[in-house]
Structure formats: C-alpha cells, structure tokens
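A.B. asks: Dropping the sequence and predicted coords here.
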Amino acid sequence: MVFGKKVISFLASGRGSNFKAVAERVLDGSIKARLGILVVDRQDAKALDTAKQFGMESCFIDPKKYPDRRAHEEEMVRILRKHRTELVVAAGYMRILTPFFIKEFRNRIINIHPALLPSFPGVHAQQQAFEYGVKLTGCTTHFVDEGTDTGPIIMQAVVPVKDDDTLDTLSARILREEHRILPESVNLFCTGRLKVRGRKVIVLG
Ligand code: GAR
C-alpha cells in the first residue's frame with residue numbers, strides 16, 4: 001500500500017533530544033514523513049539549535065505575550081495549520097495542553113512520558129519512580145487527551161532500576177528507550193498502523 005507523506009510538527013520546551021531522535025529518522029528517510037515546524041515555549045530551548053542544524057523551521061511562541069492559555073494555543077494552532085501539520089509530537093513539552101488544542105488535533109498528538117503510565121504522571125516522573133523505590137520503570141508513548149498523561153497508550157518500554165542507580169543514571173537509561181519508542185510510534189502513525197478504539201490503541205500489521 002502507498003501512503004502520502006504526513007507532515008510532522010513538534011512541541012518542545014528544552015533540550016530536545018526526543019525531537020532530534022524523530023527528526024533524524026525523518027531526514028534519513030526511515031520515517032516516511034515531512035518535517036513541519038518546531039514550536040517552543042521557551043526562548044532558551046536547546047531544541048531550537050537542533051532545528052537550525054537540520055535546516056528546519058522553528059519558532060518561539062512566548063506564553064507571556066498572551067492573556068491566557070487559550071490565546072497562546074490559538075497562535076500555536078494557527079502556526080501548526082499554516083505548516084499543514086498532520087501529527088503533533090510533544091517531545092518534552094512541559095505545558096498541559098487545553099481541551100481547545102486537543103480538539104484541533106484529536107488522536108493526532110503523540111506525547112513521550114518518562115515512566116510506565118499510569119504510574120508517575122506529571123512532572124519529574126523519573127524522580128517520582130526513583131524515590132518510590134520501584135524495581136522497574138520505563139517510558140510510554142500515548143495519544144494526548146484532556147487528562148494529564150491519561151491518553152491511549154501506544155508503546156511502552158521497561159527499564160530496570162538498579163541498586164546503585166542515581167537519578168541521573170536511571171534517567172539516562174530511560175532516555176535511551178525514549179529515543180527508541182518515540183520514533184517507532186511516530187513511524188507506526190505515519191504508516192497508518194495505529195487505530196484508537198476507546199482507551200486502546202490497536203497496532204495493525
Ligand atoms: C524527556 O525525558 C521526556 O520524556 C520528558 O521530558 C524529557 C525531555 O527531554 N517529558 C515529560 O516529562 C513530559 N511530561 P528532551 O527535551 O531531551 O526530549
């Protein structure tokens with residue numbers, strides 16, 4: 001079956017290593033898609049440098065310039081639409097998206113979360129898991145819905161917690177898996193193999 005190339009845009013707030021992991025696979029042709037735009041909510045986001053290196057469009061939309069979250073997201077949607085975005089990848093985007101934004105891209109926003117959801121949602125997930133003392137943690141990709149990290153799960157990877165781990169060594173082990181499952185999830189989306197049925201994501205083929 002032949003699929004048209006989907007346009008992928010990204011939301012990020014910081015370092016941007018997950019954005020880089022996906023964008024590299026688009027650029028080397030192993031994900032059959034086109035890059036749209038990177039949108040950041042922080043001017044100092046390192047992800048901006050990566051986009052520049054890739055010759056990819058990017059923009060900083062300053063939340064402080066808007067009266068409320070809705071107005072900020074309206075501008076985001078305008079820019080994402082202008083770039084004909086079909087999939088939004090939240091790659092370390094540290095703001096909760098409002099129902100307005102989610103409605104615009106229902107089942108077309110993929111988020112990466114550094115824990116095995118539904119355990120440890122929200123911020124500092126690696127630290128939450130580390131301090132709780134779990135023996136296994138990991139990462140999750142999911143479609144974004146109106147809750148905090150509650151949307152239908154696409155992929156998960158399990159990572160052991162070792163007795164001599166520090167928060168840094170554990171976070172690095174999780175991040176390696178993030179860089180594997182996020183591009184893979186995006187690839188499944190771009191090849192039309194993800195179907196959402198209620199809370200479940202069925203992977204076809
Ligand atoms: C990643 O670990 C990602 O899973 C996490 O932020 C980090 C961003 O790193 N996201 C969340 O915690 C979202 N709730 P990156 O900027 O290098 O991709």
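C.D. replies: Looks like it arrived, so ask away. Values in this document were obtained by computation on a predicted structure and should not be read as measured data.
A.B. asks: from here on, contacts and neighbour counts on C-alpha atoms
C.D. replies: Will do.
A.B. asks: Spell out which residues of the protein are next to the ligand.
C.D. replies: Contact residues (CA under 6 Å from any ligand atom) of the chain with the ligand: 14-19, 91-92, 94, 112-114, 122-123, 175.
A.B. asks: Just the buried residues of those residues.
C.D. replies: Among the residues of the chain next to the ligand, those classed as buried by neighbour count (16 or more other CA atoms under 10 Å) are 14, 15, 16, 17, 18, 19, 91, 92, 112, 113, 114, 175.
A.B. asks: Could you say which helix or strand holds residue 157?
C.D. replies: When secondary structure is defined by DSSP states H and E, residue 157 falls within strand 153-160.
A.B. asks: which residues sit against that strand?
C.D. replies: Applying CA atoms under 8 Å, 6 or more residues apart in numbering, the contact partners of strand 153-160 are 116, 135-143, 173-174, 177-178, 181, 185, 194, 199-201.
A.B. asks: Strands - which of those land there?
C.D. replies: Applying DSSP state E to those, the entries found in strands are 136, 137, 138, 139, 140, 141, 142, 143, 194, 200, 201.
A.B. asks: among these, who's most crowded?
C.D. replies: Neighbour counts for the ones in strands among the contacts of strand 153-160 (other CA atoms under 10 Å) peak at residue 141, which has 29 neighbours.
A.B. asks: quick revisit: reformat the ones in strands among the contacts of strand 153-160 into a markdown table and put distance to residue 63 and pLDDT next to each item.
C.D. replies: Formatted as a markdown table, the entries for these read as follows, by distance: CA to CA, whole Å; pLDDT from 0 to 100:
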| residue | distance to residue 63 | pLDDT |
| --- | --- | --- |
| 136 | 36 | 98 |
| 137 | 33 | 98 |
| 138 | 31 | 98 |
| 139 | 28 | 99 |
| 140 | 27 | 99 |
| 141 | 25 | 99 |
| 142 | 25 | 98 |
| 143 | 23 | 98 |
| 194 | 32 | 98 |
| 200 | 33 | 98 |
| 201 | 32 | 98 |
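A.B. asks: For stretch 104-123, list the C-alpha coordinates in PDB.
C.D. replies: Output for stretch 104-123, consisting of C-alpha atoms alone and laid out as PDB, is shown next (Å, rounded to 0.1, in the frame of the first residue of the first chain):
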ATOM      1  CA  GLU A 104      -7.900  20.600  17.000                       C
ATOM      2  CA  PHE A 105      -5.600  17.500  16.800                       C
ATOM      3  CA  ARG A 106      -7.700  14.700  18.300                       C
ATOM      4  CA  ASN A 107      -5.700  11.400  18.200                       C
ATOM      5  CA  ARG A 108      -3.000  13.300  16.300                       C
ATOM      6  CA  ILE A 109      -0.800  14.400  19.300                       C
ATOM      7  CA  ILE A 110       1.800  11.900  20.500                       C
ATOM      8  CA  ASN A 111       3.500  12.500  23.800                       C
ATOM      9  CA  ILE A 112       6.500  10.800  25.300                       C
ATOM     10  CA  HIS A 113       6.400  10.300  29.100                       C
ATOM     11  CA  PRO A 114       9.400   9.000  31.100                       C
ATOM     12  CA  ALA A 115       7.500   6.500  33.300                       C
ATOM     13  CA  LEU A 116       5.300   3.500  32.800                       C
ATOM     14  CA  LEU A 117       1.900   5.100  32.800                       C
ATOM     15  CA  PRO A 118      -0.500   5.200  34.600                       C
ATOM     16  CA  SER A 119       2.300   5.200  37.300                       C
ATOM     17  CA  PHE A 120       4.000   8.500  37.900                       C
ATOM     18  CA  PRO A 121       2.200  11.000  35.700                       C
ATOM     19  CA  GLY A 122       3.100  14.700  35.600                       C
ATOM     20  CA  VAL A 123       6.500  16.300  36.100                       C
END
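A.B. asks: Many thanks, we can stop here.
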